[in-house]
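In: sequence unknown, structure follows:
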């Protein structure tokens, strides 16, 4: 069986924490690859309207490019509409029979798994892999394989706020992401 990690999210913008999370899980579980999958419309988050799904995908392509086993995965953006993990993983499981999927989530998502759409069926399709983040409990009645990672206090919200205030983000994102944010005027107030 091929072992594939799926790291979903808004990626608004993607940052060094996403890269570190993917690397840590890939090494710990000996995954063959990690796919970075931006949602079209996340049911639990509001994506800032001035950053299109295509731009978020473009940024994901930029962070994956230097890594041999990281791949941008446009499935949910191509599909459009609300992005429910269950629907996506059901489709993938049916089309990739010889792949075991590991759905990578942060500690904040572990704490809310019971609210996810079709969570009982979803937990049968994937192995949830939880990476702990500062300030999260990481508790769920659903099975979650916990992978320890050195804490990184970084979020897309923090980056957007720093950009809006004109502060440096060079220590939070790869250079290519910083450049596209500046060139495109993303997150400016």
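Out: Thanks, I have it. Predicted model, so just to flag it, every value in this text is computed and none were measured.
In: ranges for the helices of this structure?
Out: 16-29, 53-64, 75-79, 85-95, 107-110, 119-125, 156-164, 175-184 (DSSP state H).
In: elements contacting the shortest one?
Out: Packing partners of helix 107-110 (3 or more CB pairs under 8 Å, 6 or more residues apart in numbering; DSSP states H and E): strand 127-131. Any C-beta I mention is one placed from the backbone N, CA and C, and that applies to glycine too.
In: hang on, the earlier thing: between the helices of the chain, which gets nearest to residue 6?
Out: Closest approach to residue 6 among the helices of the chain is made by helix 85-95 (7.5 Å; CB to CB).
In: just the residues contacting that closest one, thanks.
Out: When contacts are defined by CB atoms under 8 Å, 6 or more residues apart in numbering, helix 85-95 is touched by residues 6, 8, 37, 75-76, 79, 99, 101, 103, 116-119, 121-122, 125-126.
In: with mean pLDDT as extra columns, can I get the helices of the chain in CSV?
Out: Rendered in CSV, the data for the helices of the chain read as follows (pLDDT from 0 to 100):
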stretch, mean pLDDT
helix 16-29, 97
helix 53-64, 96
helix 75-79, 94
helix 85-95, 95
helix 107-110, 84
helix 119-125, 96
helix 156-164, 95
helix 175-184, 96
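In: which one of these lies closest to residue 137?
Out: When these are compared for distance to residue 137 using CB to CB, the nearest one is helix 107-110, at 7.1 Å.
In: circling back: any chance of the helices of the chain in CSV, plus distance to residue 132 and mean neighbour count?
Out: Compiled in CSV, those are given as follows (distance: least, CB to CB, whole Å; neighbours: other CB atoms under 10 Å):
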stretch, distance to residue 132, mean neighbour count
helix 16-29, 10, 19
helix 53-64, 22, 20
helix 75-79, 25, 17
helix 85-95, 20, 16
helix 107-110, 4, 20
helix 119-125, 19, 15
helix 156-164, 18, 17
helix 175-184, 24, 15
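In: which stretch among these comes nearest residue 139?
Out: helix 107-110 (6.8 Å).
In: on that earlier part again, determine which of the helices of the chain approaches residue 131 most closely.
Out: Residue 131 sits nearest to helix 16-29 of all these, at 5.0 Å, using CB to CB.
In: so can I have CSV of the helices of the chain showing distance to residue 131?
Out: As requested, the helices of the chain are arranged in CSV below (distance: least, CB to CB, whole Å):
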stretch, distance to residue 131
helix 16-29, 5
helix 53-64, 17
helix 75-79, 20
helix 85-95, 16
helix 107-110, 7
helix 119-125, 17
helix 156-164, 15
helix 175-184, 20
